[in-house]
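> Turn this into a structure:
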Amino acid sequence: MLFYSSRFDAIAQGVAQRISMRFPPVVANDPERAVPQKRIEEILTETFALALQAGSEERIGFLGKTWLKSAFRRELREIGYDDKFVAFAADRFVEQLGRNFR
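Residues are numbered from 1 along each chain as shown. Just a heads-up that it's a prediction; the model follows:
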């Protein structure tokens, strides 16, 4: 289980870092800098696709998806995103995992 957790923690950390480069928390958390929802979804989808491309041959089961979602949420919070964005991004991440790893 240790290998499992460290591998998924590294994936979650990498994805969160990529998102922070394209859509920093200062922009995401600022209501005056309203970024259209569609643009946010595009950024997330592109980032997830690039990050998950490398491991697309590997199956990730229910437990793995749950672990990744939890680790991803934790990473986004540590970076400084608000709870609303964290929940939205984590849900989108799990959707993308479902598409990539069936």
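
> For stretch 80-88, what is the distance to the chain centroid?
With Cα atoms, centre = their mean, to the nearest Å as the basis, stretch 80-88 stands 11 Å off its chain's centre.

> Revised request: answer the last question for stretch 62-81.
Per Cα atoms, centre = their mean, the centroid offset for stretch 62-81 relative to its chain is 7 Å.

> and the residue lying farthest from the centre of the chain, how far is that from I40?
Within the chain, E32 marks the point farthest from the mean C-alpha position, 23.8 Å out by Cα atoms, centre = their mean. Here E32 is placed at a distance of 16 Å from I40 (Cβ to Cβ, to the nearest Å). Yep, even glycine has a C-beta here, placed from its N, CA and C like the rest.

> now A10
A10 is 24 Å from I40, where distance means Cβ to Cβ.

> more neighbours, those two?
Shown here are A10 and I40; by other Cβ atoms under 10 Å, I40 has more neighbours (19 against 11).

> Skipping its backbone neighbours, what lies nearest the more buried one in space?
Once flanking residues are discounted, I40 sits nearest to F23: 6.7 Å by Cβ to Cβ, 6 or more residues apart in numbering.

> How about F48?
Q96 (4.0 Å).

> Quickly find the element holding that neighbour.
Secondary structure assignment for Q96, by DSSP states H and E: helix 83-100.

> Tell me the buried residues in that helix?
Applying a neighbour-count criterion of 16 or more other Cβ atoms under 10 Å, the buried positions in helix 83-100 are F85, V86, F88, A89, A90, R92, F93, Q96, L97, N100.
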